[in-house]
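In: Give the three-dimensional model of this entry:
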Amino acid sequence: MRKEASKPSTLIDGYNLGLQKGTGIATYARNLSYALRDLDHGVDVLYATKASRGFNSLLKEVAFFDPRVGELPLWISVALRAHRALRSPLGRNAIEVPMQGHVISTQFKNRLPYFDRILNAPDIFNAAYDHFYLWRSRLRVSLPQPAPTIAHWTSPLPMFIPGSKNIYTLHDLVPLRLPYTTLDNKRYFYRMIAMLLRTADHIVTVSETSKRDICNLFGFPEDRVTNTYQSVEIPDRYRTKSEQQVSEEVEGTFRIKYKGYFLFYGAIEPKKNVARLVEAYLGANVDTPLLIVGSDAWQSENEFQMLQDKSIRYLEQVENNIFTRDRIQRIEYAPFPLLVSLIRGAKAVLFPSLYEGFGLPVLESMLLGTPVLSSTEGSIPEIAGDAALLVDPYDTRAMANAILALDSKEEVRGELSSRGHKRAALFSAERFRERLSELHGRLI
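Out: Have a look, this model is predicted:
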């Protein structure tokens, strides 16, 4: 519970932090929370869970971790929903969730950010989007005192806290740059971004590529956008496991040889370019198997269309959502500790994305010493530098040749691994804190 108001404080949103399987933006938000702590900021985190109403602090804490705490009487629920709907033009109130350690939360340790206070307003993020749709403005959010010095919204959320500096991180403008790869309503997205650019105290982004997109597409002044990049951080307990332990984990779980497989991990969606990756991998005709780790997203069935063709039958479901056939395996999800071991145990990570605002998998792999094949598009070249093998993501022949080189040339893998370690150091937690501190110095 945050009492003192003398030191600066920052609120971040939990919009992506509540997602069970996590996203790159969730990683960004968690790392941001710890950077703020290290900069001696008080940290509030705003969630939108179905919190328990009433005065019982234990049940409020329980409800934060599990909404099945019990329903209110129907008439009270209806009255609360009506009250929220009528108050939408005026804003929404958040309450503090008392976090006293009564709930055993060990299993959530990898997903929880650092916080001094947890705040909650049920379904507030959807309410903010609905508010913008109706009123073309940001939703006003009222918090328990003391109010934060800065409200740092980690996604383009149409909401604000009065009396605070409201800044917004725009990771990329993929819905406008590659509109055919996302499901967003493009007109709504464009109007919302334009509104946030008009009303924000400052805009933050994570690469020079994204900064150029923001300035060029919207005619936005460069001095009102700060690129802080992201930090790449993996806990030592996962990063420094012995090779024997990593080998036992990957071989025991997936029956694949340590340093004897290629790995792709990420959402299965058009932007990630999995269909061309599979085509290039098959065209390379290597014996090293390919492991794909990723959950289904929009048009995921199209990404695996070649593998699911009945005349080829490359991919079959075995059990527990594990798909396999000869050289290709796929699982939909791996817990973070196991994913780290999978990255460390791979011969190379293949990530030929069509466009990234930052490209966290590239840096995570470099930090862990795994060679990377990635893309010449988007922000990847400025993030990877000369520490990854970059190819045109639309050219499957070039991709196949790169896979062949990674498969057969140990010296190439060794050189990329060495360069990757050095490159990842440029995006350390310390560097991120320095950039964040400089931004705050200008804002406060």
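
In: Which SSE is immediately downstream of the lowest-mean-pLDDT helix or strand in the chain?
Out: One helix or strand of the chain scores below all others by mean pLDDT, DSSP states H and E: strand 322-325, with a mean of 46. Following strand 322-325 in sequence order, the next helix or strand is strand 328-331 (DSSP states H and E).

In: what helices or strands is that next one leaning on?
Out: In this structure, strand 328-331 packs against strand 290-293, strand 322-325, with contacts taken as 3 or more CB pairs under 8 Å, 6 or more residues apart in numbering; DSSP states H and E. C-beta here means a position set from N, CA and C on the backbone, and glycine is covered the same way.

In: now do 10 Å
Out: helix 243-254, strand 262-265, helix 274-284, strand 290-293, strand 316-319, strand 322-325 (3 or more CB pairs under 10 Å, 6 or more residues apart in numbering; DSSP states H and E).

In: any low-confidence regions in the stretch 151-300 of the chain?
Out: Residue ranges of the stretch 151-300 of the chain with pLDDT under 70: 297-300.

In: now the strands for it?
Out: Secondary structure of the stretch 151-300 of the chain, counting by DSSP state E, counting those that start in this stretch: strands at 159-160, 165-169, 202-205, 225-227, 262-265, 290-293.

In: who's in contact with the nearest residue to residue 241 once chain neighbours are set aside?
Out: Spatially, and ignoring its direct neighbours in sequence, residue 241 is nearest to residue 341 (6.7 Å; CB to CB, 6 or more residues apart in numbering). By CB atoms under 10 Å, 6 or more residues apart in numbering, the contact list for residue 341 reads 238, 241, 245-250, 253, 258, 334-335, 368.

In: Please identify the helix or strand for the nearest residue to residue 91 once chain neighbours are set aside.
Out: Counting by CB to CB, 6+ apart, residue 140 is the residue found nearest to residue 91 once chain neighbours are left out, at 3.0 Å. Secondary structure from DSSP H and E places residue 140 in strand 139-142.

In: sorry, back to before: tell me what the residue nearest to residue 91 is bridged to.
Out: residue 160 (DSSP bridges).

In: any idea how far it is from residue 196?
Out: Plainly put, residue 140 is 15 Å away from residue 196 if you go by CB to CB, to the nearest Å.

In: would you list every one of the strands in the stretch 1-150 of the chain?
Out: 9-13, 42-47, 92-93, 95-97, 117-120, 139-142, 150-153.

In: any idea how this protein splits into domains?
Out: By the assignment in automatic domain parsing, the chain contains the domains 9-231+429-443, 236-427.

In: what distance separates the first one from the middle of the whole chain?
Out: Meaning domain 9-231+429-443. 13 Å (CA atoms, centre = their mean, to the nearest Å).

In: Please apply the same query to stretch 362-372.
Out: 17 Å.

In: Looking at residue 140 and residue 196, which is more packed in?
Out: The neighbour comparison of residue 140 against residue 196 (other CB atoms under 10 Å) goes to residue 196, with 21 against 18.

In: Quick check: that one touching residue 136?
Out: No - at 11.6 Å, residue 196 does not count as touching residue 136 under the criterion of CB atoms under 10 Å.

In: Now do the shared contacts for these two.
Out: residue 158.

In: quick one on the thing from earlier: using TSV, lay out the strands of the stretch 151-300 of the chain together with mean neighbour count and distance to residue 429.
Out: Shown next, in TSV, are these (neighbours: other CB atoms under 10 Å; distance: least, CB to CB, whole Å):
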stretch	mean neighbour count	distance to residue 429
strand 159-160	25	28
strand 165-169	23	17
strand 202-205	22	17
strand 225-227	19	17
strand 262-265	24	22
strand 290-293	22	25
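
In: Including distance to residue 275, could these go into TSV?
Out: Conversion of these to TSV gives the following (distance: least, CB to CB, whole Å):
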stretch	distance to residue 275
strand 159-160	37
strand 165-169	30
strand 202-205	29
strand 225-227	31
strand 262-265	12
strand 290-293	11
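
In: Which among those is found nearest to residue 41?
Out: strand 165-169 (12.4 Å; CB to CB).

In: could you dump the closest one to PDB, C-alpha only?
Out: Output in PDB follows, covering the C-alpha atoms of strand 165-169 (Å, rounded to 0.1, in the frame of the first residue of the first chain):
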ATOM      1  CA  LYS A 165       0.900  13.300 -16.900                       C
ATOM      2  CA  ASN A 166      -0.700  10.800 -19.300                       C
ATOM      3  CA  ILE A 167       1.700   9.200 -21.700                       C
ATOM      4  CA  TYR A 168       1.000   6.300 -24.100                       C
ATOM      5  CA  THR A 169       3.300   3.600 -25.500                       C
END
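
In: quick one: strands adjacent to it?
Out: Applying DSSP bridges, one finds strand 165-169 paired with strand 150-153 (parallel), strand 202-205 (parallel).

In: could the ones you listed go into CSV alongside distance to residue 380?
Out: Listed next are the strands paired with strand 165-169 as CSV, based on distance: least, CB to CB, whole Å:
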stretch, distance to residue 380
strand 150-153, 25
strand 202-205, 15
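
In: Nearest to residue 419 among those would be which one?
Out: Smallest distance to residue 419 across the strands paired with strand 165-169 (CB to CB): 25.5 Å, for strand 202-205.

In: could you check the distance from the residue nearest to residue 336 when sequence neighbours are not counted over to residue 340?
Out: Leaving out its chain neighbours, the residue that sits closest to residue 336 by CB to CB, 6+ apart is residue 110, at 5.1 Å. Distance of residue 110 to residue 340, computed by CB to CB: 10 Å.

In: Which of these two has more residues huddled nearby?
Out: A direct count of neighbours by other CB under 10 Å for residue 110 and residue 340 places residue 340 higher, at 22 against 13.

In: what's the helix or strand for that one?
Out: Going by DSSP H and E, residue 340 is in helix 336-345.

In: Extract the C-alpha trace of that helix and format it as PDB.
Out: This file holds the C-alpha atoms of helix 336-345, laid out as PDB (Å, rounded to 0.1, in the frame of the first residue of the first chain):
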ATOM      1  CA  PHE A 336       8.000 -19.500 -19.500                       C
ATOM      2  CA  PRO A 337      10.600 -21.600 -17.700                       C
ATOM      3  CA  LEU A 338      10.200 -24.400 -20.200                       C
ATOM      4  CA  LEU A 339      10.200 -21.900 -23.100                       C
ATOM      5  CA  VAL A 340      13.600 -20.500 -21.900                       C
ATOM      6  CA  SER A 341      15.000 -24.000 -22.000                       C
ATOM      7  CA  LEU A 342      13.600 -24.600 -25.400                       C
ATOM      8  CA  ILE A 343      15.300 -21.400 -26.700                       C
ATOM      9  CA  ARG A 344      18.600 -22.400 -25.100                       C
ATOM     10  CA  GLY A 345      18.300 -25.900 -26.400                       C
END
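
In: That helix: which residues count as buried?
Out: 338-345 (16 or more other CB atoms under 10 Å).

In: thinking again about what came up before, I'd like the helices and strands packed on strand 328-331 laid out as a markdown table, including distance to residue 39.
Out: Rendered in a markdown table, the data for the helices and strands packed on strand 328-331 read as follows (distance: least, CB to CB, whole Å):
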| stretch | distance to residue 39 |
| --- | --- |
| helix 243-254 | 34 |
| strand 262-265 | 31 |
| helix 274-284 | 38 |
| strand 290-293 | 34 |
| strand 316-319 | 48 |
| strand 322-325 | 43 |
